[in-house]
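S.K.: Fold the following, please.
(2 chains)
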2 protein chains.
Amino acid sequence: MKKLILLALALPSLASAQSIGGRAAELRDAALNSDTVAWDFVEGLTTEVGQRLAGTEAEARAREWAVRRLTGLGFSNVRIETFDMPVWVRGEESAEIVSPFPQRLVLTALGNSGATPPRGIEAEVVGFDSVAALEAAPDAAVRGKIVFIDHHMMPTQDGSGYGQFGAPRRQGPTIASRKGAVGIIVRSIGTDHHRNPHTGVQTFGAGAEPIPAAALSVPDAEQLQRILSRGRPVRMHLTLTPRQTGTHQSGNVVAEVPGTDPAAGVIAIGGHLDSWDLGTGAIDDAAGVAITVAAAHRIMQAGPPRRTIRVVLFGAEEPGGFGGDSLYARHRDENNVVLVGESDFGADRVWRVEFSLAAANAALADRIAASLAPLGILRGPGSADAGTDLGPYRRGGAAAIDLNQDGTHYFDYHHTPDDTLDKIDPAQLRQNVAAWTAMLALAADAPERIEPAGAPPAR
Amino acid sequence: MKKLILLALALPSLASAQSIGGRAAELRDAALNSDTVAWDFVEGLTTEVGQRLAGTEAEARAREWAVRRLTGLGFSNVRIETFDMPVWVRGEESAEIVSPFPQRLVLTALGNSGATPPRGIEAEVVGFDSVAALEAAPDAAVRGKIVFIDHHMMPTQDGSGYGQFGAPRRQGPTIASRKGAVGIIVRSIGTDHHRNPHTGVQTFGAGAEPIPAAALSVPDAEQLQRILSRGRPVRMHLTLTPRQTGTHQSGNVVAEVPGTDPAAGVIAIGGHLDSWDLGTGAIDDAAGVAITVAAAHRIMQAGPPRRTIRVVLFGAEEPGGFGGDSLYARHRDENNVVLVGESDFGADRVWRVEFSLAAANAALADRIAASLAPLGILRGPGSADAGTDLGPYRRGGAAAIDLNQDGTHYFDYHHTPDDTLDKIDPAQLRQNVAAWTAMLALAADAPERIEPAGAPPAR
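M.R.: The predicted structure is shown next:
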């Protein structure tokens, strides 16, 4: 009897020695319990490089660092694929209420902000509680003034507030410029209450001259709102001296786990290597890079999968997805990427999986969802979009899988000086690696063909 | 029956119309449920003045603001009592790791820090994990270098970690200077993980030339520790340009609720009006001022107490307790202050009361403790020291009562840019006002004589 039981228990692991897909649960649990590759990657990148603004020498150092690390981990075809892009850099930044209550406020320039003269500008502040209110204001109420836009972002698990509450940052500067404002300050697009402002990209639309544009920290925005509520004219001195430095080189770092069946297509995953300049880019997005690298590394160590796994550490995501566009433009004619997935929403645990798979691949989706369920991951009702970096492939028709991370605290740190290593919980990071490992084991080794998912529905 | 019950219920409130002490519970509960004086005070001071560094024009504006507010609230004998003090002010501050991993670190100068040349200094960093380790190092290991001292402060409810973990800030600069260091940076004396460094005063001891001295934010200190742990020489470029500006005027703002019995002595309470320059000084110490003002105001409105209540809004506590020393020196010969109490540990709820009362006043202590218990306040085993501001009276023999606030989160914000209004919970602020109101009602109206408590035991 005893021998029979042992044999029965041993059978799955005998089988698993031959099939990565059959070993998905085992590989998943090993990652959950003992992965160190992801932590070492994010610790190393944030410590030994730190911030890595796109198109700067810091981002170039990050690429060299990543090539060394990926080569050391045993990846194949490790390479840098460069591209050029326009580079904006921060300068001096300060703001002071001149009257009625003199005091400094903490802010930071938004991407592509225009500059004040070196000694700054002084103007009256006019406040609005939304982009719509600014839009509705007569130009005369704005002309020559510094516009302030308030809002009240609340945390959501799926990050769905970023679109709505991000409008003051994305649309505010263009509207304010068109109305003749001399500058604009917005409440940070963030959910914390610390004196760390949230930067982020914005682009002046056609006909809008660049004006100084910055984000106040949330406590400073609330302070300004209180000062404005006293009903007296509020004058501000604002100094921002960022500049456009012209065209510089960025690049994607690519590494592969070669598959045994070239005809089965490539699975492309990754995150972005660049970061904003204020923090060390730990959760945005050293973590995403580290998670996908660590999961691919586990598959590599388990033996060659059927499909090649291509891990891409994208350059220049923050200023506008230049790396993702470059990768797709360079490789789309190869027509061999069948499935994509991006990790770029922090380092908290994966709570949901969503698929954009063809109906013919329903069984694969079921197998993956079943393998993720023991990690506390539920199957969501939506589709996968593969984010900024791999979205171009998805929009080109490739299948995609999104492993959604819990974003309840993501906008506490996103794009701030506070995006540092200490914000990452090693156990939650391992859960991410476990989820990606299970998904990759099943998808890379799937015996069926992975079909094109078709173009996503229009929004 | 019904009438009898109503009469029985009405009796205590009839009695209370004649005795403030007899109405302590009623006044306490009214404060707990509906006080707005404290919130309006802290909101007004932090919004309309903001930071108020001791000896600067901002602190002078705060005094004028306070005089207006206290007069408006109906206090008597509202006045400013000025004194002179040496004033140190912050300049530029930045730090950058030059090698092996170039990156900026976030820090802020400590009070009385020396200055670098305008363009900064560059030197190797030598790290120590404690003041004792620095003390034990041979001078040759420190000379010409920038000293870094790490430590690991953990939160405590009673704030008892501040003494032990504050040593790198208080003693580190003097020791480093004596050993020939060209600068010193310490891990912030704080319990948070945000990129907001904690400033605070330190004083160079005899024979120690002022050197640049600063605190790194906790994430930056951890980053530097990781960089040092790689074992390669670490070079830093450090720029700090603070300066001593000479002697300037500060002052205490004093307001009174006159008592009916001058022979019964004065009760002196308060907090400090000055703040560090980085935040708006909401929890340190607009809250303490607001709490004691609001409680005294409740006693004033309830009718004259037996003893005069003197509320003092101290100037220049942060740089070294100049306001407290000045008040005591100016008034000690009046010999009429019988009881003191200070509020200077944030705005979270009072969790404990401790007494330094003569044995003859044991019944008064019992009555006060009983009145505080319904607020969730326990009676502690220690004695009261009345803090920095009113400690001189206590050390001179006056009785004291400490209403200890929960400090678990105090050192998350203390002395940082993050000490702003949003850190205050209005409900917890009201609990403070309720506790102070109950204590004042019973102490100011106590029929017995409040005896000297004698000098405190030596530590």
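S.K.: Residues of chain A that sit close to chain B?
M.R.: By the rule Cβ under 8 Å from any Cβ of the partner chain, the part of chain A lying against chain B is A:43, A:46-51, A:58, A:100-104, A:106, A:193-196, A:218-219, A:222-223, A:226-227, A:230, A:279-280, A:416-418, A:420-423. Where C-beta positions appear, they are placed from N, C-alpha and C, glycine not excepted.
S.K.: Among those, which ones are in helices?
M.R.: A:43, A:46, A:47, A:48, A:58, A:218, A:219, A:222, A:223, A:226, A:227 (DSSP state H).
S.K.: As a markdown table, those residues with pLDDT, distance to residue B:376 and neighbour count would be great.
M.R.: Converted to a markdown table, these look like this (pLDDT from 0 to 100; distance: Cβ to Cβ, whole Å; neighbours: other Cβ atoms under 10 Å in any protein chain shown):
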| residue | pLDDT | distance to residue B:376 | neighbour count |
| --- | --- | --- | --- |
| A:43 | 98 | 43 | 18 |
| A:46 | 98 | 43 | 28 |
| A:47 | 98 | 44 | 21 |
| A:48 | 98 | 49 | 18 |
| A:58 | 98 | 51 | 18 |
| A:218 | 98 | 31 | 26 |
| A:219 | 98 | 29 | 27 |
| A:222 | 98 | 29 | 19 |
| A:223 | 98 | 32 | 24 |
| A:226 | 98 | 31 | 16 |
| A:227 | 98 | 36 | 22 |
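S.K.: give me phi/psi at the spatially most central residue of chain A?
M.R.: Geometric centre of chain A, nearest residue: residue A:344, 3.5 Å, by Cα atoms, centre = their mean. Summarising the backbone geometry of residue A:344 under the convention degrees, to the nearest 10, its torsions are phi -150, psi 60.
S.K.: doesn't residue A:388 make contact with it?
M.R.: Yes. Counting by Cβ atoms under 8 Å, residue A:344 sits close enough to residue A:388 to count as a contact (7.0 Å).
S.K.: Which residues are in contact with each of the two?
M.R.: Any residue near both residue A:344 and residue A:388 by Cβ atoms under 8 Å, 6 or more residues apart in numbering or on different chains counts here, and that gives A:272, A:317.
S.K.: for the stretch 151-300 of chain A, what spans make up the strands?
M.R.: Taking DSSP state E, counting those that start in this stretch as the test, the strands found in the stretch 151-300 of chain A are A:183-187, A:213-216, A:235-240, A:243-257, A:266-272.
S.K.: Kindly calculate the angle that the first one makes with helix A:218-229.
M.R.: The one in question is strand A:183-187. Here strand A:183-187 runs at an angle of 120 degrees relative to helix A:218-229 (axes from the mean of the first three to the mean of the last three Cα atoms, to 10 degrees).
S.K.: could I get the strands of the stretch 151-300 of chain A as JSON lines with distance to residue B:127?
M.R.: Putting the strands of the stretch 151-300 of chain A into JSON lines (distance: least, Cβ to Cβ, whole Å) gives the following:
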{"stretch": "strand A:183-187", "distance to residue B:127": "39"}
{"stretch": "strand A:213-216", "distance to residue B:127": "35"}
{"stretch": "strand A:235-240", "distance to residue B:127": "36"}
{"stretch": "strand A:243-257", "distance to residue B:127": "32"}
{"stretch": "strand A:266-272", "distance to residue B:127": "32"}
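S.K.: Now render the ones you listed as TSV, adding mean pLDDT and distance to residue B:135.
M.R.: Shown next, in TSV, are these (pLDDT from 0 to 100; distance: least, Cβ to Cβ, whole Å):
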stretch	mean pLDDT	distance to residue B:135
strand A:183-187	98	47
strand A:213-216	98	44
strand A:235-240	98	43
strand A:243-257	98	47
strand A:266-272	98	46
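S.K.: So which of these is nearest residue B:85?
M.R.: When these are ranked by distance to residue B:85, counting by Cβ to Cβ, first place goes to strand A:235-240 at 29.0 Å.
S.K.: helices or strands up against the closest one?
M.R.: Packing contacts for strand A:235-240, counted by 3 or more Cβ pairs under 8 Å, 6 or more residues apart in numbering or on different chains; DSSP states H and E, involve strand A:93-99, strand A:121-128, strand A:183-187, strand A:213-216.
S.K.: so of those strands, which one's packed in deepest?
M.R.: Comparing those by mean neighbour count (mean count of other Cβ atoms under 10 Å in any protein chain shown), strand A:183-187 comes out on top with a mean of 29.
S.K.: That one packs against which elements?
M.R.: strand A:121-128, strand A:146-149, helix A:167-170, helix A:172-178, strand A:213-216, helix A:218-229, strand A:235-240.
S.K.: Let's see that with 7 Å instead.
M.R.: strand A:146-149, helix A:167-170, helix A:172-178, strand A:213-216 (3 or more Cβ pairs under 7 Å, 6 or more residues apart in numbering or on different chains; DSSP states H and E).
S.K.: now the nearest residue to residue A:280 once chain neighbours are set aside: how far from residue A:454?
M.R.: Closest residue in space to residue A:280, ignoring its immediate chain neighbours: residue A:46 at 4.1 Å, by Cβ to Cβ, 6 or more residues apart in numbering or on different chains. Counting by Cβ to Cβ, to the nearest Å, the gap between residue A:46 and residue A:454 amounts to 39 Å.
S.K.: How about the stretch 101-250 of chain A: which residue is closest to chain B?
M.R.: Scanning the stretch 101-250 of chain A for proximity to chain B using Cβ to the nearest Cβ identifies residue A:103 as nearest, at 3.5 Å.
S.K.: My guess is that residue contacts residue B:48. True?
M.R.: No. In this structure, residue A:103 sits apart from residue B:48 without contact. The criterion is Cβ atoms under 7 Å, and the distance is 9.3 Å.
S.K.: That's all I had, so thanks and see you.
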